[in-house]
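Student: my questions are about this predicted structure, shown below with the sequence.
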Amino acid sequence: MISELLARLRFLIFRKRRSELDEEIEFHLEYAITTRIAAGMDPAEARRQALIEFGGIEPAREQCERQRPGWWIGTVIQDVHYAFRGFGRNPLFAIGVLITLALGIGATTAVFSVVDRILFRPLPYADPSRIVSLGFVHSLERQEFVMGRFYVEWQKDQAPFSVLAAQSTGVHNCDLVEDNPAQLGCISFQANFLPLFGISPVLGRNFLPEEDRPNGPRVVMISYGLWEGHYNGDRGILGRMINVDGDSVRIVGVLPRDFQFPALEAADIVSPFAFDPAIQLKVNGGFGYPERVFARLKPGVSVAQSYAQMQPLFNGDLKWFPLSAKSEIRLSIRTLRDKETQDVRPVAWVLFGFVLAVLMIACANVAGLMMARGAARQRELAVRSAIGASRGRLIRQALTEALLLSFAGGVTGLAMAQALIMVFVRLAPTGIPFISRAHLDLRIASFAALLSCLCGVIFGLAAALQKPGLAALNAKASMSRSHAFLRRSLVTAQIAVSIVLLSGAVLMLRSFSKIEAQNLGIETGGVLTMKAALPWWRYNTDQKVMDFYLRLETSLRRLPGTFAVGMASSIPPGTGGSQSFRYSDLVVQGKPPAPPGIGGNVTGRSVTPDYFRALNIPIIRGRNFAEQDRAGNEREAILSRLLAARLFPNEDPIGKRFQSDGFRGGAGTIIVGMADNVKNNGLTDQSDPEMYTLRRSVSDDWSGNRLIVVIHSVMPASTIEPWIRSEAASIDRTVPVEMEPLNQTISRMADRPRFETTLLGFFALTGLVLAVVGLYGLIAFMTTQRTHEIGVRMALGATRANILRLIANDGLRIAVFGLALGLGTSLAMSRMLKALLFHVSVFDPVTYIVVPLLLSLVALIAILIPARAGIRVEPAVTLRAE
Amino acid sequence: MPQSTDLLQGTLDLLILQTLALEPMHGWGVAQRIQQLSKDVLQIGQGSLYPALYRLEYKGWIRSEWQITENNRRAKYYRLTQTGKKQLATELATWDRLSLAIASVLGRATEASS
C-alpha cells in the first residue's frame, strides 16, 4: 500500500527528467510520510500532511534552480529564442522596427557628423572661442582686412587683445623650381601667428623674430601635405634649401597635418610676413598694404567689449579715407567660427532641424509599432501569466525583445550612417568647410541609438507592465482607450512633421529649378574657357604677358571650327576675378557726380572685341568694339542695359563720355555701345550693372596677370582641348594650362544648391515614408482589432461602402488633422528657409498646393490598402469565430 | 503544538551550518534536527530548506555526497567544508553581537546574557 502510494507520489512530482534534486525531494517526502505512518497516522492522511508541510514542490525546484550562479543566463537565452520566434511569426513588425531605427539612427548620425564641425565642434586651435578676426569691411570686401598703416597703430594702441598677428591677404601661386617642379600656393604670416593659435610645427620650428624682419634670413615652413607628398616625409628635410620663384630659401619647419589656416586657404609654403612699419607708412598712398589680422581676446573681454574698445581707434583711422568711402567702411570683429562658417550656417541649421524631425518621426514609429504589438499580445501575455510566468519574467521578456530589436537597428543604423557619410562627402561640392573631414561621430551615433532604443524600450515595456487581467483572457485582445489615443496623436504628429519637411524640401526644389532654368544672358554650349598660369617671376612685365596672350589669340583663331576667341579679365556668372567698383565712382561728363556711398557696385570687365561673339551677348544699341580699335588710343566702353538705364535714364548713352576712378583726366572713356544684361553676381544673387572696357593692345591694359580665354568652337571640347594645349605649348611649354567647358563651370556653381536640395529632399522623403508607414500600421491595426465589430455591422446590414467609410473616416481624420497642423507649422517656420531660397517666396503657393496633394494621395493609399482588408471581412466567419 | 515562528532572514543559513557542524546529514535530517533542537518552535518550510542548501553548496560552505542511510536507502548527505566552518564562526560571532545589541535595546540585556 505504501509502495503504491509512493509510486503515485513519484508520478505526481517527477513527470520530468529525474534530477538529483528530484531524488532528494522524493527521499524527503518518503521520510516525512513514513515517520507519520510510524506515528500511527492513516497513510493517506500522512501523505496529505507531508505534502502540506513541504509546501509547493515546483516553486522549491525553481528556487533551487535559481541558486545556481549564472542561472539567469539560461533564461536570457530562452528569452532571446522566444523573441526570435516572435519576430519570425511577425516579420513585418520586426522589419518595420528595424528599418525605422536604421533610417532614424543612420540619417541623424550622418548629418550630425557633417554639421557638427560647422556648428558645434571647437576649431582645432587652442581656446578657439577667444580668437577673433578683426579689421575693416566694406561692400566690395566682406572679409576683414587691415591696411598696414592702421596695423602699426593698432598694435601700439589697442587694449582688448593680448596679441595680434597678421597674415598676407591670400594665397598666391608660386613655383617650386627644381628637378621635380610644381606650382604651389604660397602665403606668409608673422612669427607670432602660430603661437596665437596655439600651434607648433610637427617638425622643426616656427620663424624666429629675427627671420620675421625685412631683409631677414630667407626661411619657409612647408605644409604637411607638401612634406609628405613631395618630399616623401623625409625627416632630413630641415635645413634644406629649395628654390621658390627663383629665390633660394631654407626649410625650417613642417606644419602639423591637421593644421588649417584660419581663412581655410590651401597653402603649401609659408614665409615670414616681415612686416616693416616704415615702409607701410609710405606705400600705397600712405595706407600700407592690406593684410588679414587675427587676435586673441584678453581674459574676460567679450567680442562686443573689444568692438567698443576698438571703435575710437577705428574712428581715428576713418579720417584717412575719402569722404565717399567713409560711409561704406565699418569695423568688424568676429570669432573665427563665424568667419569660417558664415555662409553654410543657415543650411547647416536647417539640415540639423530636418534630421531631428526625422529622428522624431522614427521614434514615434517605433513607439507606435511597439504599442501595437503590445496590444496585440495582451492575450498571449495573459495566458503566460496564468500558467505561472512571473511579472518579472514577462517584463524581462519584453525588454529582451526591445533590446534585441534596438541593437539590430542600431547596428544597421551605424552601417547606414557610414554609407551616407561617404555619399555626402562624394556629392558635396567644394567650398563646404570641413566636409571632407566628416567622419562617423560615435557620440551622436550613441545618442541617436539611445534615443530611438529608449522609445522602443519604453513603449515595449508599457504593454508588459500592465497587469494582464482576466479580461484579456476571455475577450478578444483590445487596445485600451488611452493607448489608442496616444497612437493616434503620435501618427498625427508624424504627419504634421513630415509636412513641414516636405514643404521645406519642395521649396528648395522649386528654388533650385529656378536657378537651373534662369536665363544667364550668355551662351554656354560649345564654349570652352582656358586659363594659363604664367609664372609671374618670368612674365614680370605687362608687355611679356600681353605678348604671350596676343600670340595665343592668333594661333587659337587659326584652329579649325573656331567661331570666336575672346579674352577677358573674368567671365560671368561667377564673381571671381571681376573688378567691382562703386557706382558713385562713375562721373558722366556734364552731369553732377552721384552722391557717394549710394548706388551699390558695378561689375567691371576688361575684354577684347570677340568676347561678345564668343559668349553670344547681344549688342542692343550702338556697336561692338572693333578689332582696329585695339590699336587705337581711345578708351572705349560698352554698358550693360541696366547700367545704361541707371546712368542715362531717357537718354541715348552712345557717344557720351565719363570718368572713372581708374582713368581720371584726359578725354575720359567714350561709350560706344550697350549690351544686354548678363547674370554677373553668382547664380543666386541679384545681378549688378556691368561695364565692359576695351582691352587694347597696350601693355598698360594687361596689368594684373589674370586672364581668361573664351573659345567658342563648333568642335567638341574633347577634340579641341589637345589642340589648344599644343598651341600654348608651342609658345611656352612650361606654362600650365587649365581648360573647362563653360557648361561644366556653371553646373559646378549650382553644386551647392543641388547638394542642399538633394539632402533636404532625401530627408523629407525619409520622413514621409516613415510617417506613411506609421499611418498604414495604425489603420491596419485598428482594422484588425475591429474585425468583430465589422462582422456585426455587416450582419446587421451595413454595406461594404459603409464599412469602407467607417474605416477610412478614422484614418482621414488623422491625416487631415496632421495636414492642417503641419501646414500651419511650416508656414510659421518657413521664414527660416528664406536665406536659402532663390526667387521663391517662403509662402510659395505652388508648394503649399503640391505638398497637401502629395500627402493626401499617399495617405489615401496608406488608408485604403488596410481598409480593403476590412471590407473583405465575412460576417459569418467572424461571428462564428467568437 | 507550540506556535512556530518565522525565521529571520539569513538565520536559516546559520541554523543549517550549525546543524551540519555536528555531523553530515541529509535534508530531511537537517529539518528534523532544527525542529527538535528548537523544541518545535522553529519549523522550516521545506520549500526554503532545499534552496538554502543549494545556495550554501554553491557558495562552497557545504559539500554534498550520496550515501546509503541506515535504512539502506540512497540519500544526499551534506557536510561542512573548511570555509563553511570559518563562515559558521563568523556568523555565530555576528549573531551574538546582534542578539546582544537587540536585547540591550529591548532592555533585557541581563536576562539574555544570563
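Tutor: Yep, it's here.
Student: buried residues, the longest helix anywhere in chain B. List them.
Tutor: Longest helix in chain B by number of residues (criterion: DSSP state H): helix B:82-105. Under the neighbour-count criterion of 16 or more other C-beta atoms under 10 Å in any protein chain shown, helix B:82-105 has B:84, B:87-88, B:91 buried. (Each C-beta comes from the backbone N, C-alpha and C, glycine too.)
Student: how is chain A carved up into domains?
Tutor: For chain A, automatic domain parsing gives the domain ranges A:2-68, A:128-341, A:345-517+A:751-881, A:534-735.
Student: model confidence score at A:Ala296, please.
Tutor: For the record, residue A:296 is Arg, not Ala. For A:Arg296, the pLDDT comes out at 92.
Student: shouldn't it be within a strand?
Tutor: Yes - counting by DSSP: H, G, I helix; E, B strand; the rest coil, one finds A:Arg296 located in a strand.
Student: quick one: neighbours of it, just the number.
Tutor: For A:Arg296, the count of nearby residues is 23 (other C-beta atoms under 10 Å in any protein chain shown).
Student: contacting residues around it?
Tutor: Contacts for A:Arg296 (C-beta atoms under 8 Å, 6 or more residues apart in numbering or on different chains) come out as A:127, A:130-132, A:161-163, A:196.
Student: and B:Gly60, by the same measure?
Tutor: B:81, B:83-84.
Student: okay if I get those residues as a markdown table plus distance to chain A and pLDDT?
Tutor: As requested, the contacts of B:Gly60 are arranged in a markdown table below (distance: C-beta to the nearest C-beta, whole Å; pLDDT from 0 to 100):
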| residue | distance to chain A | pLDDT |
| --- | --- | --- |
| B:Thr81 | 16 | 89 |
| B:Thr83 | 16 | 88 |
| B:Gly84 | 16 | 87 |
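Student: how far away is the residue nearest the centre of chain B from B:Lys76?
Tutor: In chain B, the C-alpha nearest the mean C-alpha coordinate belongs to B:Leu15, at 1.6 Å (C-alpha atoms, centre = their mean). Distance from B:Leu15 to B:Lys76, counting by C-beta to C-beta, to the nearest Å: 18 Å.
Student: strands along chain B, start to end?
Tutor: With strands called from DSSP state E, chain B shows them at B:25-26, B:62-68, B:74-80.
Student: want to throw these into TSV with mean pLDDT?
Tutor: TSV is the format used below for the strands of chain B (pLDDT from 0 to 100):
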stretch	mean pLDDT
strand B:25-26	86
strand B:62-68	86
strand B:74-80	86
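Student: and among the ones you listed, the most buried is which?
Tutor: With neighbours defined as mean count of other C-beta atoms under 10 Å in any protein chain shown, these peak in mean count at strand B:25-26, which reaches a mean of 21.
Student: tell me if that one is near chain A.
Tutor: Yes - Strand B:25-26 is in contact with chain A by C-beta under 8 Å from any C-beta of the partner chain, via B:His26.
Student: parallel or antiparallel, which strands does that strand pair with?
Tutor: Paired with strand B:25-26 in the same sheet, following DSSP bridges, are strand B:74-80 (antiparallel).
Student: run through who's touching the strand it pairs with.
Tutor: By C-beta under 8 Å, 6+ apart, the list of residues contacting strand B:74-80 from outside reads A:20, A:23-24, A:27, B:17, B:20-21, B:24-28, B:30, B:53, B:56-57, B:61-69, B:88.
Student: how far off helix B:82-105 does it point, in degrees?
Tutor: Relative orientation of strand B:74-80 versus helix B:82-105 (axes from the mean of the first three to the mean of the last three C-alpha atoms, to 10 degrees): 70 degrees.
Student: distance of A:Ala780 from A:Phe843?
Tutor: A:Ala780 sits 36 Å away from A:Phe843, going by C-beta to C-beta.
Student: more neighbours, these two?
Tutor: The neighbour comparison of A:Ala780 against A:Phe843 (other C-beta under 10 Å) goes to A:Ala780, with 20 against 11.
Student: how about whichever strand or helix holds A:Gly409: buried residues?
Tutor: Under the criterion of DSSP states H and E, A:Gly409 resides in helix A:391-427. Neighbour-count burial for helix A:391-427 flags A:393-394, A:396-406, A:408-410, A:412-414, A:416-418, A:420-421, A:424 (criterion: 16+ other C-beta under 10 Å).
Student: next helix or strand past that helix?
Tutor: Downstream of helix A:391-427, the first helix or strand assigned by DSSP H and E is helix A:442-465.
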